[in-house]
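Visitor: coordinates for the following, if possible.
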Amino acid sequence: MAEEVKVYPAEEILKMLPHRYPFLLIDRLEVEVLGEKGTGIKNVTINEEFFQGHFPNNPVMPGVLQIEAMAQTAGAVVVAQNENYANEKRNVLFMGIDGVKFRKQVKPGDQMKMHVERIKVRRNIFVFKGVAMVDGHVVSEAEFTAMII
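Guide: Predicted coordinates:
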């Protein structure tokens, strides 16, 4: 029997991660396997602060923020496995990023889905593979290593 997808709204994500506006880049989290696999959803709007300078006449979501959104998704997937996550303060720290590829621009009005899957774990260090997609097309991908403290 397949495990049921657990859905976390923004209010729960705020309890999982220390990130806040304007740097919280997940609006919804869907966890397929606690601690291992899930999808973050980011509704990209023209109101995002980064569009003011990136770029004024051609708004494009910066690639580095796409990777950050994937990393936040992975961090939340890991934190969600602890049922007591709301009462524990944890930070997720980037340690490395490999194999980054940008395939397509992310524009206002897009819904970006960040699919992440754990490929390695050793104590509190996790390696995830992430793929960000818009309308079924890959927009960016990377492998990243993070530590949860």
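Visitor: right, and the helix or strand after the helix or strand containing H115?
Guide: H115 is part of strand 111-122, with elements assigned from DSSP states H and E. Per DSSP H and E, the first helix or strand lying C-terminal to strand 111-122 is strand 125-134.
Visitor: partners of that following strand, with directions?
Guide: strand 111-122 (antiparallel), strand 137-148 (antiparallel) (DSSP bridges).
Visitor: quick one: the last one to chain centroid distance?
Guide: Which is strand 137-148. Offset of strand 137-148 from its chain centre (C-alpha atoms, centre = their mean, to the nearest Å): 8 Å.
Visitor: looking only at it, what residues are buried by neighbour count?
Guide: V139, S140, E141, A142, E143, F144, T145, A146, I148 (16 or more other C-beta atoms under 10 Å). For glycine as for every other residue, the C-beta is placed from the backbone atoms N, C-alpha and C.
Visitor: so the second one sits right up against Q105, yeah?
Guide: No: under the criterion of C-beta atoms under 8 Å, S140 lies out of contact with Q105, with a separation of 10.0 Å.
Visitor: turn the buried residues of strand 137-148 into TSV, including distance to V127 and pLDDT.
Guide: What follows is those, written out as TSV (distance: C-beta to C-beta, whole Å; pLDDT from 0 to 100):
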residue	distance to V127	pLDDT
V139	21	98
S140	17	98
E141	14	98
A142	11	98
E143	6	98
F144	7	95
T145	5	96
A146	8	92
I148	12	85
